[in-house]
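Colleague: Just a sequence and a predicted model for now, questions to come.
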Amino acid sequence: MFFKKDKSKLSSISLLLIGGLVIGIYGILCVYWGYESKSWPTTDGVVILSRISGSTRVIGRKASIKFEYYVDGKRHVSPLVSYTWKCVDYAASIEILRKYPEGKEIIVYYDPDDPDRAVLNTEISLRILWIFSLSILTLLIGMKGLKWKQVRAEEKT
């Protein structure tokens, strides 16, 4: 029974480390896609949905944006404002809603190889830093857990 408990702690630590790596890789991909989107062609579009969604608590609320645009006569719809402008708070959501109200005509940056991929903003925002902070924090906690595990093992011997 002791071995099973010990093994589950190791699994939890491993999951924490893997989670930290996955979050970090996702952050890197968002920055890469953000840079990539800077070179995409543009087309005209219009915001078709601009609302607050989520729970009634302030921290759980976020902006829901959808916009439509046409490429080669085909209609596309996207909800992605930016790859690197991640909303982590209510104030940022309100800022997005003010910038992109329903009915507003906009310029859309779309991927020429996959016109379903599109964004409204190609600037690299520092708001992406929270993903890297979360990744680093998760990795540090996981490494601290491994160190704690090692110290406990040495104490038992």
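Modeller: Structure received.
Colleague: From here on, just use CA atoms for contacts and neighbour counts.
Modeller: Will do.
Colleague: So, low pLDDT: which residues of the chain?
Modeller: 1-10, 55-60, 85-88, 124-132, 134 (pLDDT under 70).
Colleague: got the buried residues for the longest helix along the chain?
Modeller: What stands out as the longest helix in the chain, according to DSSP state H, is helix 2-37. The neighbour-count check on helix 2-37 (16 or more other C-alpha atoms under 10 Å) flags 10, 13-14, 16-21, 23-24, 27-28, 30-31, 33-35, 37 as buried.
Colleague: Please apply the same query to stretch 106-119.
Modeller: Neighbour-count burial for stretch 106-119 [16+ other C-alpha under 10 Å]: 106, 107, 108, 109, 110, 111, 115, 116, 117, 118, 119.
Colleague: what does stretch 46-53 give?
Modeller: Quick answer for stretch 46-53 (16+ other C-alpha under 10 Å): 46, 47, 48, 49, 50, 51, 52.
Colleague: Look up which residues are beta-bridged to the last one.
Modeller: Following DSSP bridges, residue 52 is listed with bridge partners residue 63.
Colleague: Next up, the contacts around it.
Modeller: 61, 62, 63, 64, 93, 94, 97 (C-alpha atoms under 8 Å, 6 or more residues apart in numbering).
Colleague: Which segments of this protein make up each domain?
Modeller: 1-37+128-157, 39-121 (automatic domain parsing).
Colleague: Any idea how far the longest one is from the middle of the chain?
Modeller: Centroid separation for domain 39-121 versus its chain: 14 Å, with C-alpha atoms, centre = their mean, to the nearest Å.
Colleague: end to end, how far does that domain reach?
Modeller: 12 Å (C-alpha to C-alpha, to the nearest Å).
Colleague: Stretch 38-46 now?
Modeller: Note: stretch 38-46 ends 20 Å apart using C-alpha to C-alpha.
Colleague: what's in contact with that stretch?
Modeller: 67-71, 102-112, 122-123.
Colleague: Mind doing that once more with 6 Å?
Modeller: 67-69, 103-111, 122 (C-alpha atoms under 6 Å, 6 or more residues apart in numbering).
Colleague: Filter these down to the ones in strands?
Modeller: Counting by DSSP state E, the part of the contacts of stretch 38-46 found in strands is 67, 68, 69, 105, 106, 107, 108, 109, 110, 111.
Colleague: Skipping adjacent residues, who's closest to the fourth one in space?
Modeller: Pointing back at residue 105 there. residue 46 (4.4 Å; C-alpha to C-alpha, 6 or more residues apart in numbering).
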